[in-house]
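[1] What follows is a predicted structure for the sequence shown.
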Amino acid sequence: MEEDRISEDVLKALRIIWKINILPKWKVFMWKLMYGGLAVNHNLERRGFDISNHCGYCGCEDESLQHVFQTCSVARLAWSVYRIQVHLNDNESISFTTWIQRHILLYYSKDSAENTKLEAFVAMLWSLWVTRNGRVFRNLGGHARSVLIQTEEEMKLLRSFQQGYRWEGMGNQSKDKDPFHPPGFLLVSLGRNKDFFPNFVLQVDGSWAKKTKKVGWGWAYKDGTEDNNCYRDGGGSYGRTSTAFQAEVKACLHAMQWAKEQNINEVMLLTDSNNLVMNLKLNKDGIVVQTIWDINEIKRLAATFNTCIILKADRDRVGSAHNIANKCRKEGLSFRNRI
Ligand SMILES: [Zn+2]
């Protein structure tokens, strides 16, 4: 995944998607959609899987991303009666990613209260995907009507998410300054399967006191299939390290070992350490001498997971792990909960 390049235009669109207040799963979905990482038949075949290349709905064409979301008859019908107008008859020579990116820029407004069109656009893409999967994996109907019903449900979910978000007073997302990645999308995928975004989410964090070199680390988890922000305590411990970075590395390693013990095979780890993700992205051994062993151990362990994604997140997204890490450091506490 580290080899992939995203164009500036796509980055611009992804930054917008990141900035607006929509469901986190939609953000991840849009990222994968624009990165070509969704597993439609066309993509699977390109990667050498021996499967039918036909659309699960109309059965008659090549099932590419463009087909599922734009040109398939079910997509055309759903878009044509939808509340927002999209350009379906654009020149087919523009790529699917460009098509998406242009609509994002078209609907985006700097006034956050006016992004309803953009929200509706993403809700429809998501609903087309959910409906398509229901058809392929669970033999559900999946006509244009079910797509539209799905969009209504999704918009309701979004509204309650946005209300909860305001109540918690978390409306001000801090801005990530990393110029190369859309905020929140600096990640490394180290598991065996790179195509899949896991539902099991682990926050990890280290807490380091400069004066005493005492360190605590902790992790918290949630099963992301539910749209809530309620993390449970996973575990934590304490020790001594000579840098704050070592504490972050310890947190990551111990959380992964714990997840393995709990028989979790697909995991997404959130860390607020840019440095950790950058180190894991390097193919060479870790540069910082004190962490070489731990970094290599993280890589080795990650490769035994079916999916293991480590994502740089804003500090407020690892709050639960941060609290555990502080507590473990201050009180010399060590614990491991069971799921
Ligand atoms: Zn089709």
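    Yep, that arrived. Because the structure is predicted, anything quoted here is derived from the model rather than measured.
[2] Is Leu202 located within a strand, as I assumed?
    Yes: counting by DSSP: H, G, I helix; E, B strand; the rest coil, Leu202 is located in a strand.
[3] Hmm, it is touching Gly234, no?
    Yes: Leu202 lies in contact with Gly234 (Cβ atoms under 8 Å); the separation is 6.7 Å. In short, each C-beta sits where N, CA and C put it, glycine included.
[4] need the contact list for Val267.
    198, 200-202, 256, 259, 305, 307-309 (Cβ atoms under 8 Å, 6 or more residues apart in numbering).
[5] now it, which residues is it bridged with?
    Cys308 (DSSP bridges).
[6] residues in contact with whichever residue of the stretch 151-300 of the chain sits closest to the ion?
    In the stretch 151-300 of the chain, the residue that lies nearest the ion is Thr151 (18.5 Å; Cβ to the ion). Applying Cβ under 8 Å, 6+ apart to Thr151 gives the contacts 82, 120, 123-124, 127.
[7] among those, which are in helices?
    Within the contacts of Thr151, residues falling in helices by DSSP state H are 120, 123-124, 127.
[8] any idea which of the contacts of Thr151 is least confident?
    Across the contacts of Thr151, the bottom pLDDT score, 88, is held by Tyr82.
[9] correct me, but it touches Phe121?
    No: contact criterion Cβ under 8 Å: Tyr82 and Phe121 do not qualify, at 9.1 Å.
[10] Counting neighbours, go ahead and name the busier of the two.
    Phe121 (23 against 18; other Cβ atoms under 10 Å).
[11] what separates the more buried one from Pro24, distance-wise?
    Distance of Phe121 to Pro24, computed by Cβ to Cβ, to the nearest Å: 17 Å.
[12] ok, now Trp18?
    Counting by Cβ to Cβ, the gap from Trp18 to Pro24 is 10 Å.
[13] the more surrounded of those two?
    Set Trp18 next to Pro24 and count neighbours by other Cβ under 10 Å: Trp18 wins out with 19 against 14.
[14] Closest to Phe69 out of the ones in helices among the contacts of Thr151?
    In terms of Cβ to Cβ, no member of those lies closer to Phe69 than Met124, at 8.7 Å.
[15] tell me, how many neighbours does that closest one end up with?
    Using other Cβ under 10 Å, Met124 has 24 neighbouring residues.
[16] which SSE is the closest residue to it other than its chain neighbours in?
    Take Met124 and drop its neighbours on the chain: the residue closest to it by Cβ to Cβ, 6 or more residues apart in numbering is Thr151, 5.4 Å away. Secondary structure from DSSP states H and E places Thr151 in helix 144-167.
[17] so for that helix, what's the average pLDDT?
    Mean pLDDT, helix 144-167: 82.
[18] Please identify the buried residues of that helix?
    Buried residues in helix 144-167, counted by 16 or more other Cβ atoms under 10 Å: 144, 146-148, 150-151, 154-155, 158, 161-162.
[19] what lines up beside the helix or strand following it in the sheet?
    Counting by DSSP H and E, the next helix or strand C-terminal to helix 144-167 is strand 187-189. Sheet pairing of strand 187-189 (DSSP bridges) gives strand 307-312 (antiparallel).
[20] residue ranges with poor pLDDT in the stretch 51-200 of the chain?
    Within the stretch 51-200 of the chain, the stretches with pLDDT under 70 are 51-53, 60-61, 89-92, 164-185, 194-197.
[21] Pro198 is in contact with Glu266, isn't it?
    Yes: between Pro198 and Glu266 there is a contact under Cβ under 8 Å: 3.7 Å.
[22] neighbour-wise, which of those two wins?
    Using other Cβ under 10 Å, the more surrounded residue of Pro198 and Glu266 is Pro198, with 21 against 17.
[23] now the more buried one: how far from Ile264?
    Pro198 sits 9 Å away from Ile264, going by Cβ to Cβ.
[24] Same question for Glu63.
    Taking Cβ to Cβ, one finds Glu63 at 31 Å from Ile264.
[25] that's a helix at Ile264, yeah?
    No: applying three-state DSSP, one finds Ile264 to be coil, outside a helix.
[26] Do you know the pLDDT at it?
    94.
[27] Could you pull out the strands in this structure for me?
    Read by DSSP state E, the chain holds these strands, from start to end of the chain: 187-189, 200-208, 214-223, 232-240, 266-271, 307-312, 335-336.
[28] that older thread, now for Leu202 and Gly234: what residues contact both?
    Listed as contacting both Leu202 and Gly234 by Cβ under 8 Å, 6+ apart are 219-221, 255, 259.
[29] Can you tell me which of these has the largest number of neighbours?
    Within the shared contacts of Leu202 and Gly234, Trp219 tops the neighbour count with 29 neighbours, counted by other Cβ under 10 Å.
[30] Would you mind measuring from that one to Gly239?
    Taking Cβ to Cβ, one finds Trp219 at 15 Å from Gly239.
[31] Let me see the contact set for Val201.
    Counting by Cβ under 8 Å, 6+ apart, Val201 touches 221-224, 267-270.
[32] Select from the residues you listed the one having the most neighbours.
    Per-residue neighbour counts (other Cβ under 10 Å) across the contacts of Val201 peak at Leu269, which has 31 neighbours.
[33] Touching, it and Val204? I think so.
    Yes: under the criterion of Cβ under 8 Å, Leu269 makes contact with Val204 at 5.7 Å.
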